[in-house]
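Engineer: just coords:
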């Protein structure tokens with residue numbers, strides 16, 4: 001009798017285990033399926049405006065997908081908005097030359113990180129200007145992720161960035177005079193800059209993610225290239241990550 005009860009107990013445990021595994025695998029598959037997507041490239045060309053940007057398809061939620069694509073396109077045309085000339089597809093843009101291309105820096109089930117680079121020349125300007133902007137998108141919500149959404153921007157994080165900046169300047173001694181102004185920021189200045197980073201209304205600081213690094217782009221003088229980028233390994237700042245899903 002005891003042996004029979006033991007066998008029945010083992011069988012019950014076996015099926016309970018299968019049930020648990022089945023639920024676990026199903027939920028994971030459903031999560032991945034919700035965020036299965038494809039990325040294609042779209043290019044707008046008219047007059048002296050040539051802009052390429054990514055477009056996603058295949059998400060289960062059409063509304064979220066549309067919001068994401070609107071964000072990706074808007075970021076590509078950010079420079080036109082900053083010039084005070086809203087982008088109008090049917091008419092093009094006068095008095096401005098703009099070239100933008102993009103690069104997918106990182107993508108997973110939760111986050112998409114895109115870098116836009118190019119140059120712009122506005123009529124009557126002395127020279128063209130180099131452009132680098134980025135956008136990080138929460139694929140589950142269809143919203144823009146600013147640096148402050150991903151990182152706890154505090155004095156400890158600022159200390160980490162200062163060290164990376166010092167190393168960067170040491171490797172670029174010819175431009176030390178230009179870059180060292182960043183090191184002259186006090187901690188509160190840095191915190192303010194980082195909390196305003198990736199602002200869709202206008203920003204001098206952008207962040208991006210790769211598989212292993214967090215990158216930060218700073219605006220600088222035209223003689224120094226208009227912008228420069230530093231990167232810090234994500235493993236070195238894990239304790240500052242506010243949203244670990246962005247790297248999963």
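Structural biologist: Looks like it arrived, so ask away. The shown structure was predicted, so the numbers you read here are calculated from the model rather than taken from an experiment. Numbers count the residues shown, from 1 in each chain.
Engineer: isn't residue 69 right up against residue 56?
Structural biologist: Yes: using C-beta atoms under 8 Å, residue 69 makes contact with residue 56 at a distance of 6.2 Å. Every residue, glycine included, has its C-beta placed from N, CA and C.
Engineer: what's across from the residue positioned nearest the centre of the chain in the sheet?
Structural biologist: Central residue of the chain (C-alpha atoms, centre = their mean): residue 136, 2.5 Å from the mean position. Bridge pairing for residue 136 (DSSP bridges) gives the partners residue 113.
Engineer: my read: it touches residue 197, true?
Structural biologist: No: taking contacts as C-beta under 8 Å, residue 136 lies outside contact range of residue 197: 10.3 Å.
Engineer: which residues are in contact with both of those two?
Structural biologist: Here residue 136 and residue 197 have 146, 207 as joint contacts, going by C-beta atoms under 8 Å, 6 or more residues apart in numbering.
Engineer: what's the spacing between the residue nearest to the centre of the chain and residue 128?
Structural biologist: Look at residue 136 and residue 128: by C-beta to C-beta, to the nearest Å, they are 27 Å apart.
Engineer: what's the answer for residue 164, then?
Structural biologist: Remark: distance between residue 164 and residue 128 (C-beta to C-beta) = 29 Å.
Engineer: can you pull the contacts of the nearest residue to residue 133 once chain neighbours are set aside?
Structural biologist: Distances taken as C-beta to C-beta, 6 or more residues apart in numbering place residue 116 nearest to residue 133, at 5.0 Å, with adjacent residues excluded. Listed by C-beta under 8 Å, 6+ apart, the contact partners of residue 116 are 53, 75, 76, 78, 100, 101, 102, 131, 132, 133, 134, 135.
Engineer: which one among the residues you listed gets closest to residue 159?
Structural biologist: Using C-beta to C-beta, residue 134 is the member of those that lies nearest residue 159, at 23.3 Å.
Engineer: what element comes up after whichever strand or helix holds that closest one heading to the C-terminus?
Structural biologist: Using DSSP states H and E, residue 134 sits in strand 129-138. Using DSSP H and E, the next helix or strand after strand 129-138 towards the C-terminus is strand 143-144.
Engineer: Direction included, what does that next one pair up with?
Structural biologist: Strand 143-144 has the following sheet partners, assigned by DSSP bridges: strand 129-138 (antiparallel).
Engineer: And for the strand it pairs with, what's in contact with it?
Structural biologist: 68, 71-72, 75, 78-79, 100, 105, 110-121, 143-146, 149-150, 198, 206-209, 215, 217, 222, 225-227, 229, 246.
Engineer: Give the buried subset of the residues you listed as a ChimeraX selection command.
Structural biologist: Buried residues among the contacts of strand 129-138 (16 or more other C-beta atoms under 10 Å), as a ChimeraX selection:
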select :68,71,72,75,78,79,100,105,110,111,112,113,114,115,116,118,120,121,144,145,146,150,198,206,207,208,209,215,217,226,227,246
